[in-house]
Structure formats: C-alpha cells, structure tokens
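Peer 1: quick check, what structure comes out for this input:
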Amino acid sequence: MRKYFYILIAIFLVSLTGCEGASESSTPSSVAKLSTFYFAANDSNPGLSTGVFTIEERLDTGLVWNKDSMLFGTRLDSVVPRFTFAATPSAAWLKMPDTLCVLTGYDTLDFSKGPIYLNIRSADRSTLKTYEIRASVHQADPDLYTWSILTPQIYEIDDSEQKVVELEQSFVLIKSNGFALRTYLSEDGSEWYDWGSPTGLPAGTNVRQIISDGTTLYYGQGNTIYTSTDALTWTAQTVSYPVVTMLLYWNSLVWALVDNNGYELAYLDNDGLALSGMRPNGPFPISDFGTVVFQSASLRERAMIIGGYSEDGESLNTRWNLEYSVHPMPKGEYRIEEFSIDRPSFTRLTGISVIWYNDQLLMFGGVDEKMNYFGREILISNDEGLNWTKADSTKNQLPEVYSARQKQTAIVRDNYIYLFGGQDANISYSDVYRGRLNSIGWK
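Peer 2: The predicted structure is shown next:
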C-alpha cells in the first residue's frame with residue numbers, strides 16, 4: 001500500500017510544479033528542498049497577492065513565512081498554495097492540524113489554523129526535509145485610528161489656560177490662571193514633572209501665543225519679543241514693530257502679526273522683526289486660531305491660520321493660506337490668500353487644533369460662534385485646506401471618554417498624534433491622549 005501511495009504522489013507532482021536545476025541525468029536526486037511558496041491569486045480575496053514569503057533553511061525544520069503581514073481582512077480558510085522545488089521529489093505532502101494532504105497544485109486548503117508542515121522526500125528517497133509554514137494577516141484595520149490615554153491629569157483641575165510646545169526632546173506645558181504661570185515637563189507625555197514658575201515674562205502673558213522652533217520658545221507683547229531655551233528663564237528683546245500676536249514657526253522662521261499702519265506678517269531675524277509684505281485684505285484673527293505647517297503637493301512650504309477671533313471679537317470662518325515660492329530667484333516670495341472667499345460655507349470656529357497627518361489636514365475640538373462644542377468629531381481636508389468634511393466616525397473618532405473641549409494642543413511626533421488638555425465652559429483639562437492610524441509604520 002505504501003508503494004502505491006508514493007507512486008500516486010509522484011504522478012501528482014508532475015502537474016504540481018516546475019523544478020529548478022533539473023538534470024538530464026537519470027540518477028535520482030538526493031535533494032529535498034523548497035524553492036518558492038505563494039498563494040494563487042484570487043479576485044475575491046485580493047489580500048492574498050500581498051503575501052510575499054521567505055524560505056529559511058535550517059538544520060532541522062525549515063521555516064516559510066511572510067515578513068510583511070497580508071492586508072487586514074484577507075481570508076486564509078480557502079487558499080490554493082503553490083510550490084516549486086529545487087529538484088523533483090518522490091513525494092510531497094502537507095500535514096495539517098486535522099488531515100494529511102497529498103499535493104496536486106490545485107488544492108483549496110484552510111491555512112487559518114496551525115501548525116502546518118510541508119514534507120518533501122527526495123527522488124532517491126534518501127532525504128526528508130520538513131518546513132513549517134506560517135502565514136500572517138494584519139489583525140488590525142489599517143484605516144482605523146486607535147487611541148490611548150497617557151495620563152488623566154497633569155495638575156489639579158482648575159480654570160487655567162495652557163499651551164504645550166516641544167522643546168528639544170521634551171513636551172513643555174505652560175499654564176496661566178491669570179495671575180501666575182507654571183510649567184510642567186515630560187519626555188513621553190505620560191510622566192510629568194513640575195518644572196517651576198517662569199521668570200522674565202510680562203504681566204498678562206497669553207500662554208496660548210507662546211510658540212517654539214524646537215530649541216527656543218518665543219512670546220511677543222508690544223514692542224518686545226521674549227525668548228527662552230529652558231521654559232523658565234525668559235529674555236526680552238526690543239523690536240521695531242508692536243506685536244499684535246505670535247503666529248507660528250514656519251519655513252525656518254518665527255512669525256508674528258504686527259501693527260505697521262495696519263496688520264502685516266513679520267518674521268524674526270537677527271535685527272528684530274522683518275516685514276514680509278504679506279498684508280491680510282480682510283478680517284484676520286488675533287486669538288484662539290488654529291495653525292498648521294506642511295509641504296504642498298507642489299513641494300512649496302505652506303502654512304494655514306484658521307478661524308479664531310478678530311480684533312473686534314468676531315468669531316471667524318477664515319482660512320488664511322501662507323505660501324513660500326522659490327520664484328522669483330534668488331530670494332523667493334511670500335504670498336497670502338484667504339480660501340474662505342471662494343468657499344464661505346466653512347463653519348466659524350475658535351479654539352481649534354490642526355495638524356498635517358497621513359497627507360491630510362485633521363482638525364480637533366473648538367467651538368462655533370454660538371459656543372457649541374464639537375466633541376469627538378474630527379474634520380478632515382484632503383485638498384490642503386480648500387474643503388473640509390467630517391471624518392468617518394467608525395474609523396476616525398476620539399474615544400468616548402474624551403470630553404468636548406476647545407484650546408487643546410495637537411502635536412505630531414514619531415507618527416503619533418498627541419492631544420494635550422484644553423478647556424470647556426467650566427474646567428481646564430490636563431489629560432494627554434495619544435493616537436495613530438494603524439497603517440502608519442506598517443511595511
């Protein structure tokens with residue numbers, strides 16, 4: 001009976017596979033070695049085609065595995081495995097958890113359960129080689145945003161306003177209760193240390209307007225720019241134009257809105273504030289606006305200043321686009337444009353946070369002109385700020401425990417989104433959440 005079993009397998013192998021290194025010699029080969037393994041393509045199960053398998057030869061049992069997991073949702077319960085061998089074997093069969101399968105090359109098998117072993121016997125029957133086959137599929141939806149809370153509270157609940165900035169390799173939270181300032185420091189967002197009270201900042205400092213270039217913090221008030229490299233000791237520098245508000249760090253420059261017989265954007269250089277020539281031709285925010293910096297599809301350095309309150313207290317729906325073009329040479333040119341002129345239906349928003357993530361703009365939190373909070377709802381823009389829509393609430397929504405708020409800080413670091421604090425009508429939050437799109441970082 002055993003004799004007929006091997007004759008039957010040999011017949012199947014003729015239709016199963018081609019052989020590498022085939023010889024015209026009639027001497028049976030002693031080689032028992034697998035050359036390639038893959039799953040046959042299946043239009044109804046497209047993830048199978050993403051399975052690229054590596055064969056590791058070992059002294060005992062070899063290993064066949066896919067380093068990069070197949071797409072989420074790929075089914076392994078009904079697949080057709082394909083093999084090629086270094087030399088035509090006398091027998092090859094799969095040992096499944098509940099059956100023994102002689103290979104034909106057209107078998108539809110269940111690879112969802114393990115372990116699975118491929119056994120190869122050489123043509124001269126002198127060598128038996130066994131390979132363990134491991135097929136892995138991503139167990140998480142790549143389009144799903146997953147969130148976790150890093151800390152529920154950095155400081156005791158109060159009514160302070162706060163801002164988080166990055167300084168060197170740390171997160172720095174600076175808060176103000178209207179009378180006193182306090183700073184807190186963390187390297188990872190989970191463990192925080194009371195860093196002390198800063199000195200050198202003026203009375204009435206609006207901590208929401210502190211910005212960072214990564215190594216230095218900046219704050220402007222009147223004809224003075226204040227800087228600090230440790231968040232505690234601040235140094236004053238007199239500038240030529242009165243600062244209306246600090247804006248952002250963009251294109252390797254620190255930017256402020258100044259009063260030069262009207263609003264104008266200026267950047268900080270060695271001599272103080274240099275005028276850029278960018279003058280808004282409409283209502284421009286001076287507080288509670290959102291900012292974001294990114295590189296456009298045309299590889300131009302861009303920034304946006306979104307929503308906020310105007311000088312007269314009006315809640316704005318503006319989206320000011322800042323762009324730097326290397327033409328004309330040699331100095332290039334700065335430009336400013338108001339997107340909401342062509343698309344005025346954009347909601348009036350204040351206290352929002354905006355980031356560039358996964359080649360999209362994501363907007364968090366904020367309130368409308370009637371002080372309605374947006375809660376866990378996230379707005380996205382796929383066209384660099386021209387149009388905005390609600391994100392898919394089944395895949396991209398903040399955790400249910402995340403309370404509706406405004407004036408939170410959003411920062412992207414190492415492909416993760418960090419959300420810090422914020423406030424509602426009653427309290428100031430000091431919690432920290434971290435989230436990431438599952439597919440970010442996948443290979």
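Peer 1: from now on I want contacts and neighbour counts done on CA atoms only, so please keep to that.
Peer 2: Noted.
Peer 1: and the gap between the nearest residue to residue 437 once chain neighbours are set aside and residue 195?
Peer 2: By the measure of C-alpha to C-alpha, 6 or more residues apart in numbering, the closest residue to residue 437 outside its immediate chain neighbours is residue 145, 4.3 Å from it. Going from residue 145 to residue 195 by C-alpha to C-alpha, to the nearest Å gives 32 Å.
Peer 1: next: residue 386.
Peer 2: Using C-alpha to C-alpha, which is the criterion applied here, residue 386 is 41 Å from residue 195.
Peer 1: now do residue 170
Peer 2: The separation that residue 170 has from residue 195, given C-alpha to C-alpha, amounts to 12 Å.
Peer 1: in which helix or strand does residue 298 reside?
Peer 2: Here residue 298 is covered by no helix or strand, with elements defined by DSSP states H and E.
Peer 1: what about it, neighbour count?
Peer 2: Under the neighbour criterion other C-alpha atoms under 10 Å, residue 298 is assigned a count of 7.
Peer 1: any idea how far residue 384 is from it?
Peer 2: Look at residue 298 and residue 384: by C-alpha to C-alpha, they are 11 Å apart.
Peer 1: same check on residue 91?
Peer 2: Computed as C-alpha to C-alpha, the residue 91 to residue 384 distance reads 60 Å.
Peer 1: neighbour count for these two, which is higher?
Peer 2: Relative neighbour count places residue 91 above the other of residue 91 and residue 384, with 24 against 20, counting by other C-alpha under 10 Å.
Peer 1: now the more buried one: phi and psi?
Peer 2: Torsion angles at residue 91 (phi, psi; degrees, to the nearest 10) stand at phi -160, psi 150.
Peer 1: I'd guessed it sits against residue 121; true?
Peer 2: Yes: under the criterion of C-alpha atoms under 8 Å, residue 91 makes contact with residue 121 at 5.2 Å.
Peer 1: how about stretch 166-180: buried residues?
Peer 2: Of the residues in stretch 166-180, those buried under the neighbour-count criterion (16 or more other C-alpha atoms under 10 Å) are 166-167, 171-176.
Peer 1: below-threshold pLDDT in the stretch 51-200 of the chain: ranges please.
Peer 2: Across the stretch 51-200 of the chain, nothing is flagged by pLDDT under 70.
Peer 1: which parts of it are strands?
Peer 2: Read by DSSP state E, counting those that start in this stretch, the stretch 51-200 of the chain holds these strands, from start to end of the chain: 54-56, 62-65, 81-85, 91-95, 100-102, 116-121, 128-134, 145-151, 161-167, 170-176, 181-186, 193-196.
Peer 1: so which of those gets nearest residue 47?
Peer 2: Distances from residue 47 to each of the strands of the stretch 51-200 of the chain were compared using C-alpha to C-alpha; the shortest belongs to strand 81-85, at 14.1 Å.
Peer 1: tell me how the protein divides into domains.
Peer 2: Domain segmentation of the chain under automatic domain parsing yields 2-134, 145-437.
Peer 1: in this structure, spot the strand with the most residues.
Peer 2: Identified as the longest strand of the chain according to DSSP state E is strand 235-250.
Peer 1: pull the distance from that strand to the chain's centre.
Peer 2: Strand 235-250 has its C-alpha centroid displaced from the chain centroid by 31 Å (C-alpha atoms, centre = their mean, to the nearest Å).
Peer 1: do the same with stretch 294-312
Peer 2: Its chain's C-alpha centre and that of stretch 294-312 lie 20 Å apart, by C-alpha atoms, centre = their mean.
Peer 1: what about it, average pLDDT?
Peer 2: The average pLDDT for stretch 294-312 rounds to 91.
Peer 1: how far does that stretch stretch from start to finish?
Peer 2: Counting by C-alpha to C-alpha, you get 30 Å between the two ends of stretch 294-312.
Peer 1: okay, buried residues for that stretch please.
Peer 2: Residues of stretch 294-312 classed as buried by neighbour count (16+ other C-alpha under 10 Å): 294-295, 301-310.
Peer 1: next: stretch 273-284.
Peer 2: Taking 16+ other C-alpha under 10 Å as the neighbour-count basis, stretch 273-284 is seen to contain the buried residues 273-275, 278-279, 283-284.
Peer 1: for it, measure first residue to last.
Peer 2: Comparing the first residue of stretch 273-284 with its last one, the separation is 19 Å (C-alpha to C-alpha).
Peer 1: one more: stretch 394-403?
Peer 2: The stretch stretch 394-403 measures 18 Å between its terminal residues, going by C-alpha to C-alpha.
Peer 1: may I see the buried residues of it?
Peer 2: Neighbour-count burial for stretch 394-403, counted by 16+ other C-alpha under 10 Å, picks out 396-398, 403.
Peer 1: go on, stretch 245-255?
Peer 2: For stretch 245-255, a neighbour-count test (16+ other C-alpha under 10 Å) marks 245-251, 254-255 as buried.
Peer 1: neighbours around residue 433, how many?
Peer 2: Residues within reach of residue 433, counting by other C-alpha under 10 Å, total 21.
Peer 1: could you measure residue 377 against residue 365, distance?
Peer 2: Distance from residue 377 to residue 365, by C-alpha to C-alpha: 7 Å.
Peer 1: tell me which of these two has more neighbours.
Peer 2: residue 365 (27 against 17).
Peer 1: pull the contacting residues for the more buried one.
Peer 2: For residue 365, the residues meeting the contact criterion (C-alpha atoms under 8 Å, 6 or more residues apart in numbering) are 351-353, 373-378, 404-408.
Peer 1: switch these over to JSON lines; also include distance to residue 209 and pLDDT.
Peer 2: As requested, the contacts of residue 365 are exported to JSON lines (distance: C-alpha to C-alpha, whole Å; pLDDT from 0 to 100):
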{"residue": "351", "distance to residue 209": "12", "pLDDT": "95"}
{"residue": "352", "distance to residue 209": "14", "pLDDT": "95"}
{"residue": "353", "distance to residue 209": "13", "pLDDT": "96"}
{"residue": "373", "distance to residue 209": "22", "pLDDT": "91"}
{"residue": "374", "distance to residue 209": "22", "pLDDT": "84"}
{"residue": "375", "distance to residue 209": "23", "pLDDT": "77"}
{"residue": "376", "distance to residue 209": "25", "pLDDT": "82"}
{"residue": "377", "distance to residue 209": "25", "pLDDT": "85"}
{"residue": "378", "distance to residue 209": "23", "pLDDT": "92"}
{"residue": "404", "distance to residue 209": "22", "pLDDT": "93"}
{"residue": "405", "distance to residue 209": "18", "pLDDT": "94"}
{"residue": "406", "distance to residue 209": "15", "pLDDT": "95"}
{"residue": "407", "distance to residue 209": "11", "pLDDT": "96"}
{"residue": "408", "distance to residue 209": "13", "pLDDT": "96"}
